[in-house]
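**Student:** compute the structure for the input listed below.
(2 chains)
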2 protein chains.
Amino acid sequence: MTTIALTLAYIGSEYHGFARQNGLVTIQGTLESALALVYKRDIATVGAGRTDSGVHAQGQVVSFELSQDELDMKPLDKLRNSLNALTPSNMMIRAIDEAPPGFSARFSAVEREYRYRLVASEVPPIFIAPYVWWLPNYRLDINKMREAAAYLVGEHDFKSFCVASSAVDKNTVREIKSIHIFGMDHLGEPCLVVQVIGKAFLHSMVRIIVGSLVDVGNNKQPPSWLGDVLAAKDRQQAGQTAPAQGLTLWRVRY
Amino acid sequence: MTTIALTLAYIGSEYHGFARQNGLVTIQGTLESALALVYKRDIATVGAGRTDSGVHAQGQVVSFELSQDELDMKPLDKLRNSLNALTPSNMMIRAIDEAPPGFSARFSAVEREYRYRLVASEVPPIFIAPYVWWLPNYRLDINKMREAAAYLVGEHDFKSFCVASSAVDKNTVREIKSIHIFGMDHLGEPCLVVQVIGKAFLHSMVRIIVGSLVDVGNNKQPPSWLGDVLAAKDRQQAGQTAPAQGLTLWRVRY
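**Tutor:** From the prediction side, this is the model:
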């Protein structure tokens, strides 16, 4: 068997999250259905990030195995076109390549990059509304947000930034390599982008970080508050979970 | 009466163009209906650019007249919020201001800026699909496109770049102040933006220019061909009319 790595983008608001679920339209389910149509068998896939319902992806990576016969049957660039034809237009496979032996989209990842888009404007950003968190009448102080974000960079116990009920994440220590906050224009709308890079993240971690950074940017809390929240190891101390639609799994590095 | 200038954005693909038409949903019709609800009378509006069906706007300008009583009844920032509440979410009023006496959104304009977005990629740009012309498997030579565009800058008879049947544009001499072509990333998709600035444009002029520039970028025609097309004063000599959805009326200067 040969391991295959597939890179894909999707509009998360039109799916019930990444992970396969019976009776619900999910990314993994849609992709596996298309693979089953091509290869006439069930093909199990592994995703780099199990994005929640509503979260988008620009560079999600998915791995799966094909036999030599299956590889010979259809070159990988042809497979890409077949899968793009078999999947809806809110999902798009960018590339399909052979991966090294033992490769796993999930476990081989050395770095995941998420981007969260905020729009602080009085009027709604009509062209990019499905891809941002619109904060009408907010004034976000970007320098205070940067100062607050610095408390989170490095290896820490991020229990305060993890969904309280999550049984999956027993070990809540993670390393954030960097958080950058910068302005970027998209289709004429001025966005504030929060770029978070780490090896792996807890459930809803990026969204809780962004929700907390917004409290600082909006002068509800001082920057040092984020250090206190981190030390508390208590989800109740952090800010709200920012809405899913502002978040995009941007890129995975191997 | 006081002249009012209103700046608005809209998703053109959801309207039958700017100009009021009986029985069709248009920008002007939608805006005038909302104004009639607020002021209990018909209010005639004038737009800076009569964008075609499918063409978007980021900074369309519309002027109309209000009496002193109407001005006193509702401050202009309140009017903006009322109109945004009364119009659908695919239209957004950015600002409403008093204009100098005699101001006309159409006739007082000294400069109009249009932007056209092209995406030359093998795979579809799913996040920005409604706002671009997707050219799968094209390789666009940006330097050749820039060389070709230079033939059009200045005052010329643009008869070749005007819808042949248009009876409106009897005088087909116009001045293009500049054409800039540059790459710009939108929601992670690499776009090529054709920015065209002039005082006024003929019907479909920007779209025919872009269609012709694509023929040059794609090596179907040499850059000097655009000079020949201009000299021919014949619509048949130019390239195709680029699709409406890639075009945005970006800004109007007074």
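**Student:** what parts of the stretch 1-150 of chain A come near chain B?
**Tutor:** Neighbours of chain B within the stretch 1-150 of chain A, by CB under 8 Å from any CB of the partner chain: A:9-11, A:56, A:58, A:80, A:84, A:89-94, A:123-124, A:126-129, A:131. For every residue, glycine as well, the C-beta is placed using N, CA and C.
**Student:** the same query, at a cut-off of 10 Å, please.
**Tutor:** Counting by CB under 10 Å from any CB of the partner chain, the stretch 1-150 of chain A comes close to chain B at A:8-11, A:56-59, A:77, A:80-81, A:84, A:88-95, A:115, A:117, A:121-132.
**Student:** and these, which are buried?
**Tutor:** Neighbour-count burial (16 or more other CB atoms under 10 Å in any protein chain shown) is assigned, among these, to A:8-11, A:56-59, A:80, A:84, A:90-94, A:115, A:117, A:121, A:123-129, A:131-132.
**Student:** just the CA trace of the strand ranked longest in chain A, in PDB.
**Tutor:** Counting residues, the longest strand found in chain A (DSSP state E) is strand A:173-186. Extracted as PDB, the C-alpha positions of strand A:173-186 are listed here (Å, rounded to 0.1, in the frame of the first residue of the first chain):
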ATOM      1  CA  VAL A 173      -0.100  21.100  27.900                       C
ATOM      2  CA  ARG A 174       0.600  22.500  24.400                       C
ATOM      3  CA  GLU A 175       3.200  24.700  22.800                       C
ATOM      4  CA  ILE A 176       2.200  27.900  20.900                       C
ATOM      5  CA  LYS A 177       5.100  28.800  18.600                       C
ATOM      6  CA  SER A 178       3.800  32.200  17.600                       C
ATOM      7  CA  ILE A 179       0.700  34.500  17.600                       C
ATOM      8  CA  HIS A 180       0.800  37.300  15.100                       C
ATOM      9  CA  ILE A 181      -2.000  39.900  14.800                       C
ATOM     10  CA  PHE A 182      -2.100  42.000  11.600                       C
ATOM     11  CA  GLY A 183      -4.400  44.000   9.400                       C
ATOM     12  CA  MET A 184      -5.300  42.600   6.000                       C
ATOM     13  CA  ASP A 185      -7.700  43.700   3.400                       C
ATOM     14  CA  HIS A 186     -10.000  41.100   1.900                       C
END
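**Student:** and stretch A:189-201, how far out from the chain's middle?
**Tutor:** Relative to its chain's centre, stretch A:189-201 lies at 9 Å (CA atoms, centre = their mean, to the nearest Å).
**Student:** cool, and stretch A:244-253?
**Tutor:** How far stretch A:244-253 lies from its chain's middle: 3 Å, per CA atoms, centre = their mean.
**Student:** and if you look at stretch A:209-216?
**Tutor:** 17 Å.
**Student:** who are the contact partners of the most far-flung residue of chain A relative to its centre?
**Tutor:** Distance from the C-alpha centroid of chain A, by CA atoms, centre = their mean, peaks at A:Asp69 (33.8 Å). Neighbouring residues of A:Asp69 by CB atoms under 10 Å, 6 or more residues apart in numbering or on different chains: A:Tyr39.
**Student:** and the closest residue to A:Leu187 other than its chain neighbours, how far from A:Pro190?
**Tutor:** Distances taken as CB to CB, 6 or more residues apart in numbering or on different chains put A:Phe127 closest to A:Leu187, at 4.1 Å, once the chain neighbours are dropped. Distance of A:Phe127 to A:Pro190, given as CB to CB, to the nearest Å: 12 Å.
**Student:** any part of the longest strand of chain A near chain B?
**Tutor:** Yes. Strand A:173-186 lies within reach of chain B by CB under 10 Å from any CB, at A:Met184, A:Asp185, A:His186.
**Student:** ChimeraX command for the buried members of those?
**Tutor:** Restricted to buried positions by 16+ other CB under 10 Å, the ChimeraX selection for the residues of strand A:173-186 next to chain B reads:
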select /A:186
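**Student:** turn the residues of strand A:173-186 next to chain B into JSON lines, columns for pLDDT and distance to A:Ala99.
**Tutor:** Output for these, formatted as JSON lines (pLDDT from 0 to 100; distance: CB to CB, whole Å):
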{"residue": "A:Met184", "pLDDT": "92", "distance to A:Ala99": "31"}
{"residue": "A:Asp185", "pLDDT": "90", "distance to A:Ala99": "36"}
{"residue": "A:His186", "pLDDT": "91", "distance to A:Ala99": "32"}
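**Student:** pick the one among the residues of strand A:173-186 next to chain B closest to chain B.
**Tutor:** A:His186 (5.3 Å; CB to the nearest CB).
**Student:** show me where pLDDT drops low in the stretch 51-200 of chain A?
**Tutor:** Applying pLDDT under 70 to the stretch 51-200 of chain A flags residues A:165-169.
**Student:** helices of that one, residue ranges please.
**Tutor:** Applying DSSP state H, counting those that start in this stretch to the stretch 51-200 of chain A gives helices spanning A:68-73, A:76-86, A:142-149.
**Student:** elements contacting the longest one?
**Tutor:** I take that to be helix A:76-86. The contact analysis (3 or more CB pairs under 10 Å, 6 or more residues apart in numbering or on different chains; DSSP states H and E) places helix A:76-86 against strand A:2-10, helix A:27-39, helix A:68-73, strand A:91-98.
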